[in-house]
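[1] okay, structure incoming, though there's no sequence with it:
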């Protein structure tokens, strides 16, 4: 369970930054070179590379070097861990709100009967 929690922490930390989210959004459309990914951002390449390394270390992307070009691809299976966690949370909260709704409905019926 701790490993799962650590993975989620790493992923959510990676997703917390708007630059990294933008990179992931772009990679959702397909592989891209680091220079293409860095182009829209107003930052030095070494600073941008820190974002790439962070995404890679969190397991959200993979980089491959072909000649002089380093290409990034998204690893969608890592996002499945987030999806699974969000599904668990959604089910939990839907159950809670259903019980609250039932409680309010029952209390309203009881009040009308009195």
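    That came through fine. Source: prediction; values computed, not measured.
[2] what comes up buried for the longest helix anywhere in the chain?
    Using DSSP state H to define each element, the chain has its longest helix at helix 76-113. For helix 76-113, a neighbour-count test (16 or more other C-beta atoms under 10 Å) marks 78, 79, 85 as buried. Every C-beta, even on glycine, is put in place using the N, C-alpha and C of the backbone.
[3] look up how far residue 82 lies from the residue nearest the centre of the chain.
    With distances taken as C-alpha atoms, centre = their mean, residue 15 lies nearest the centre of the chain, 5.2 Å away. Per C-beta to C-beta, to the nearest Å, residue 15 is found 8 Å from residue 82.
[4] chain neighbours aside, what residue packs nearest to residue 43?
    Nearest non-adjacent residue to residue 43, counting by C-beta to C-beta, 6 or more residues apart in numbering: residue 19, 7.8 Å away.
[5] also residue 54?
    In this structure, residue 54 finds its nearest non-sequential neighbour in residue 14, 5.9 Å apart by C-beta to C-beta, 6+ apart.
[6] touching, the one you found and residue 60? I think so.
    Yes. Under the criterion of C-beta atoms under 8 Å, residue 14 makes contact with residue 60 at 5.6 Å.
[7] any stretches of this protein with poor pLDDT?
    Residues of the chain that meet the criterion pLDDT under 70 lie in 1-2.
[8] so which elements touch the longest helix of the chain?
    helix 2-15 (3 or more C-beta pairs under 8 Å, 6 or more residues apart in numbering; DSSP states H and E).
[9] quick one, the helix it packs on and helix 76-113 angle?
    100 degrees (axes from the mean of the first three to the mean of the last three C-alpha atoms, to 10 degrees).
[10] next, the buried residues of helix 2-15.
    In terms of neighbour count (16+ other C-beta under 10 Å), helix 2-15 has its buried residues at 7, 10, 11, 14, 15.
[11] do you know how far residue 53 is from residue 76?
    Separation of residue 53 from residue 76 (C-beta to C-beta) stands at 20 Å.
[12] should've said residue 34
    Distance of residue 34 to residue 76, computed by C-beta to C-beta: 20 Å.
[13] done for today, thanks.
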